[in-house]
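Chemist: Coordinates for the following, if possible.
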Amino acid sequence: HKVSYGQREIELTSTEFELLYFLAKNPGQVFSRSQFIEVARSALKYCQHSEQELSLVILEFDDFSLADDKYSYESVLWVLKRALECCELNIRTNDKIGRLSENQFAMVLPGTDIDAAFKIAQKCQQQIAAIETVMSGTCFDVVVSAGVTNTVLSGFHLEKMLHDVAVALKTSRQEGSAKVTKFKYKH
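Modeler: Residues are numbered from 1 along each chain as shown. Next up is the predicted model:
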């Protein structure tokens with residue numbers, strides 16, 4: 001299948017075409033880890049062929065396992081849903097969110113440079129921190145750290161991007177909780 005992007009046409013396999021069609025018909029869906037990996041790979045291919053940047057953000061809840069052990073499943077789930085709503089408020093229709101693990105969410109942001117992605121991550125982090133958990137039936141602080149990278153720094157390979165954003169996230173946690181850090185390429 002050929003897809004037009006401006007003056008260019010991009011050749012996609014049937015599976016990639018079906019995935020893009022599915023994404024267009026299902027905006028705002030939160031993907032599982034395996035679905036998100038496929039979505040991210042397709043978005044990377046599309047952005048590479050159309051010569052666009054793509055940014056990747058990972059948001060990680062600090063001390064999530066403590067909250068999960070200390071509070072009810074329903075309370076923690078309620079907070080996770082509110083956190084996702086915060087993220088959805090800050091992204092566009094073609095940006096996608098996936099849950100990577102019990103305490104990590106990722107956002108793939110096609111056509112977004114590192115500075116814009118950093119600002120999106122900061123807004124999400126601040127809004128998540130402002131969640132009033134008392135509405136969940138318990139009261140606790142929600143603290144999120146984030147890592148950000150993009151294709152200019154990490155290239156168009158998802159595994160490299162995930163590694164680099166994990167490095168940025170580790171830096172965020174080492175500098176204290178509630179930090180957002182851009183990946184810094186080291187020569």
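
Chemist: the strands in the chain, which residues?
Modeler: Remark: strands assigned in the chain by DSSP state E are 2-5, 8-11, 30-31, 54-61, 96-101, 104-110, 144-150, 180-182.

Chemist: Could you list the paired strands of the fourth one along with their orientation?
Modeler: It stands for strand 54-61. Sheet pairing of strand 54-61 (DSSP bridges) gives strand 104-110 (antiparallel), strand 144-150 (antiparallel).

Chemist: Among those strands, show me which one is buried the most.
Modeler: strand 144-150 (a mean of 28; mean count of other C-beta atoms under 10 Å). Every C-beta, even on glycine, is put in place using the N, C-alpha and C of the backbone.

Chemist: List of residues touching that strand?
Modeler: 53-62, 83, 112-114, 117-118, 121-122, 124-125, 128-129, 161, 164-173, 177-183 (C-beta atoms under 8 Å, 6 or more residues apart in numbering).

Chemist: Chain neighbours aside, what residue packs nearest to the residue nearest the centre of the chain?
Modeler: Closest to where the C-alpha atoms of the chain average out (C-alpha atoms, centre = their mean) is residue 107, at 1.7 Å. Excluding its sequence neighbours, the residue lying closest to residue 107 (C-beta to C-beta, 6 or more residues apart in numbering) is residue 57, at 4.4 Å.

Chemist: and what of residue 82?
Modeler: residue 131 (4.9 Å).

Chemist: In terms of pLDDT, where does that neighbour sit?
Modeler: Reported pLDDT at residue 131 in the predicted model: 88.

Chemist: how much space between the residue lying closest to residue 104 once chain neighbours are set aside and residue 40?
Modeler: Leaving aside its chain neighbours, residue 104 sits nearest to residue 60 (4.9 Å; criterion: C-beta to C-beta, 6+ apart). Counting by C-beta to C-beta, to the nearest Å, the gap from residue 60 to residue 40 is 17 Å.

Chemist: Residue 139 now?
Modeler: Separation of residue 139 from residue 40 (C-beta to C-beta): 35 Å.

Chemist: and what of residue 157?
Modeler: From residue 157 to residue 40 the distance is 11 Å (C-beta to C-beta).
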